[in-house]
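A.B. asks: Sequence plus predicted model, see below.
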Amino acid sequence: MLTWGVVAVLAVGVYGQRALGMALVDPERLGFRSRQVLAMVPLSILCAVTALQTLSTQGELVLDARVAGIVAATLLSWKRVPMFVVVVVAAAVTSAVRGLS
Amino acid sequence: MLSGWHDLPVHQIPEGTSLTAGEAWTIAFTYFTVAITVSLVHSTAGTATWVIVAATLLVNSATATLAYAAVTAAGGSAVAGVLGGCLTATRFGVLAAALAPRLWPQRWKRAVAAFAAFDPNIALANREQNDSDVRRVYIAMSLWLVLPWWLGASIGVVIGDWISDPKALGMDAMFPALFVAIIRPQLTTNNARLIAVSGACVALALVEVLQGGLPILVAALPALLALRSRESGAT
């Protein structure tokens, strides 16, 4: 259960990390190679988040209906289907597989 | 002409950038829907309505508040919950650092921008060639994401009782599906594909070993593979 106090501490903690990330990097002093690496960080992190949100729950590896939904999303993305369709079909497939099992 | 962000038509899709209306609407829809389910989780855990709304607006991170809810629901203390929540949000700091060199040179502007550092807006802004386009896409996408996010959370606390089980509707697959759709067009080079697969594998290998968001933090390291790139030419 969240309380006002918890919300305040979480807000400061989460914003603090975001602001720290923005502050730590000085755009004017950054070399080409650092920029090259930083440019690929979002891709690497996005893939990590996707993998964890598909195959884990609260720190444990879990194989469930989500996998079917994300497989469908992956196939549709490769076919360059509009993003909206990808998201809705993934939810529908997950829902259907969950209903069947 | 574009001297500051106040003259930007932020309610629109920035002209001349790769951002499309389809992407913006999809992200808005996804964050709106997921926000409703997040509200539901918190109200089921007994959190008061206004605290849920405040948490969405101020913390601005579902992973952080959900991690807190998960830890405390499992019998953990409030302190453990807060630590868990902050740990899961570390990726936003790294993502912010990744985009920072392409945002405004003024620190205060980046400090304001930091509040809305999420995954999709950073990924889509990062796609732009010119730094000025990066900034315009970041502002536009942040609004397209954060406003539906707040709206969904607020609506969620009101209509929460009607949606009995978000999982039965497959809503837990929406975030990863959206991310897949954002990732796919970025896999244009062998190096990008290698970084993508490595990031996913590192996170999966570490998820049961490390706490909270630490597996994701370590999963940022495959970005170093960018240094072996010969594709982008000389400096």
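C.D. replies: Good, I have the coordinates.

A.B. asks: can you give me the helices for chain A?
C.D. replies: A:4-24, A:32-55, A:65-78, A:83-100 (DSSP state H).

A.B. asks: Would you convert those into JSON lines that also reports distance to chain B?
C.D. replies: C-betas here are computed from N, CA, C, even on glycine. Putting those into JSON lines (distance: least, C-beta to the nearest C-beta, whole Å) gives the following:
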{"stretch": "helix A:4-24", "distance to chain B": "3"}
{"stretch": "helix A:32-55", "distance to chain B": "3"}
{"stretch": "helix A:65-78", "distance to chain B": "4"}
{"stretch": "helix A:83-100", "distance to chain B": "3"}
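
A.B. asks: Mean neighbour count, these: which tops it?
C.D. replies: Highest mean neighbour count among those (mean count of other C-beta atoms under 10 Å in any protein chain shown): helix A:32-55, with a mean of 23.

A.B. asks: how about TSV for the helices of chain A, with mean pLDDT and distance to residue B:104 added?
C.D. replies: Converted to TSV, the helices of chain A look like this (pLDDT from 0 to 100; distance: least, C-beta to C-beta, whole Å):
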stretch	mean pLDDT	distance to residue B:104
helix A:4-24	93	10
helix A:32-55	90	16
helix A:65-78	96	32
helix A:83-100	93	28
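
A.B. asks: Check which residues of the biggest helix by length in chain B are buried.
C.D. replies: The single longest helix within chain B, with elements called by DSSP H, is helix B:131-159. Buried residues in helix B:131-159, defined by neighbour count with 16 or more other C-beta atoms under 10 Å in any protein chain shown: B:133-146, B:148-154, B:156-157.

A.B. asks: could you say what helices and strands the next helix or strand after it packs with?
C.D. replies: Using DSSP states H and E, the next helix or strand after helix B:131-159 towards the C-terminus is helix B:174-183. On a contact count with 3 or more C-beta pairs under 8 Å, 6 or more residues apart in numbering or on different chains; DSSP states H and E, helix B:174-183 meets helix A:32-55, helix A:65-78, helix A:83-100, helix B:21-44, helix B:119-126.

A.B. asks: Looking at these, which is nearest to residue B:203?
C.D. replies: In this view, those are compared for proximity to residue B:203 by C-beta to C-beta, and helix A:32-55 is the closest at 3.5 Å.

A.B. asks: Report all helices and strands that the closest one contacts.
C.D. replies: helix A:65-78, helix B:90-99, helix B:119-126, helix B:174-183, helix B:190-206, helix B:214-218.

A.B. asks: any chance of these in a markdown table, plus distance to residue B:84?
C.D. replies: Shown next, in a markdown table, are the helices and strands packed on helix A:32-55 (distance: least, C-beta to C-beta, whole Å):
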| stretch | distance to residue B:84 |
| --- | --- |
| helix A:65-78 | 22 |
| helix B:90-99 | 11 |
| helix B:119-126 | 19 |
| helix B:174-183 | 19 |
| helix B:190-206 | 16 |
| helix B:214-218 | 11 |
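
A.B. asks: Just the CA atoms of the helix or strand of chain B with the lowest mean pLDDT, as PDB, please.
C.D. replies: Sorted by mean pLDDT, DSSP states H and E, the helices and strands of chain B end with helix B:62-73, the least confident at a mean of 84. Output in PDB follows, covering the C-alpha atoms of helix B:62-73 (Å, rounded to 0.1, in the frame of the first residue of the first chain):
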ATOM      1  CA  ALA B  62       5.200   2.400 -13.100                       C
ATOM      2  CA  THR B  63       8.100   0.000 -12.500                       C
ATOM      3  CA  ALA B  64       9.100   1.900  -9.300                       C
ATOM      4  CA  THR B  65       5.600   2.000  -7.700                       C
ATOM      5  CA  LEU B  66       4.800  -1.500  -8.800                       C
ATOM      6  CA  ALA B  67       8.100  -2.800  -7.400                       C
ATOM      7  CA  TYR B  68       7.200  -1.100  -4.100                       C
ATOM      8  CA  ALA B  69       3.800  -2.700  -4.200                       C
ATOM      9  CA  ALA B  70       5.300  -6.200  -4.900                       C
ATOM     10  CA  VAL B  71       7.900  -6.000  -2.100                       C
ATOM     11  CA  THR B  72       5.400  -4.800   0.500                       C
ATOM     12  CA  ALA B  73       2.700  -7.300  -0.600                       C
END
